[in-house]
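In: Test case, fold it:
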Amino acid sequence: MRSYLIDELNAEDTARLARTLQDMGLGAGMEGLFWLPVPLELLSPVQREHAQDCGPHVMGLEVEERGVRLELLVRARGRLRCECVHYASSPLREYMQAYLDQLLCDLNVTA
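Out: Predicted structure coming up:
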């Protein structure tokens with residue numbers, strides 16, 4: 001699995017991040033896993049086409065004790081297997097990495 005990893009964080013910071021994500025309603029139902037929504041304008045053409053049936057489209061964020069891992073696979077919450085489940089485009093990758101970096105900065109989390 002391709003991912004964007006930020007490690008060497010302290011446990012208090014990752015716990016605060018997890019609480020924030022949970023408060024934002026992004027919990028995935030498993031401890032430490034969160035679904036980050038993908039902006040519609042950054043979906044691929046097939047994902048936009050499938051948004052009604054397969055969506056919403058999300059990227060998984062794993063919050064571990066000493067780091068975070070953003071999966072670069074765009075998943076369809078409405079369907080496990082579909083052609084619309086594929087890796088993020090370069091613009092989407094850049095957007096989501098910047099989103100995560102800004103969220104960490106807003107929470108004063110530093111590596």
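In: Relative to residue 44, how far out is residue 91?
Out: Per Cβ to Cβ, to the nearest Å, residue 91 is found 10 Å from residue 44. Backbone N, C-alpha and C define where each C-beta goes, glycine included.
In: between these two, who's got more neighbours?
Out: More neighbours surround residue 44 than the other of residue 91 and residue 44, with 18 against 10 (other Cβ atoms under 10 Å).
In: and the gap between that one and residue 8?
Out: To residue 8, residue 44 is 33 Å away according to Cβ to Cβ.
In: just residue 80 next, same as before
Out: Taking Cβ to Cβ, one finds residue 80 at 33 Å from residue 8.
In: average pLDDT across the longest helix that the chain contains?
Out: In the chain, taking DSSP state H as the definition, the longest helix is helix 90-106. Helix 90-106 shows a mean pLDDT of 97.
In: list the buried ones in it?
Out: 92-93, 95-96, 100, 103-104 (16 or more other Cβ atoms under 10 Å).
In: got these as JSON lines, with distance to residue 84 columns?
Out: Below are these laid out as JSON lines (distance: Cβ to Cβ, whole Å):
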{"residue": "92", "distance to residue 84": "13"}
{"residue": "93", "distance to residue 84": "17"}
{"residue": "95", "distance to residue 84": "18"}
{"residue": "96", "distance to residue 84": "17"}
{"residue": "100", "distance to residue 84": "22"}
{"residue": "103", "distance to residue 84": "26"}
{"residue": "104", "distance to residue 84": "29"}
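In: okay, now residue 21: neighbour count?
Out: Counted with other Cβ under 10 Å, residue 21 comes out at 21.
In: do residue 7 as well
Out: 10.
In: Need the pLDDT of the residue nearest to it when sequence neighbours are not counted.
Out: Nearest non-adjacent residue to residue 7, counting by Cβ to Cβ, 6 or more residues apart in numbering: residue 67, 3.6 Å away. With respect to pLDDT, residue 67 scores 97.
In: Then residue 111?
Out: 69.
In: Also residue 1?
Out: 87.
In: Show the contacting residues for it.
Out: 71-73 (Cβ atoms under 8 Å, 6 or more residues apart in numbering).
In: switch the cut-off to 6 Å
Out: residue 71 (Cβ atoms under 6 Å, 6 or more residues apart in numbering).
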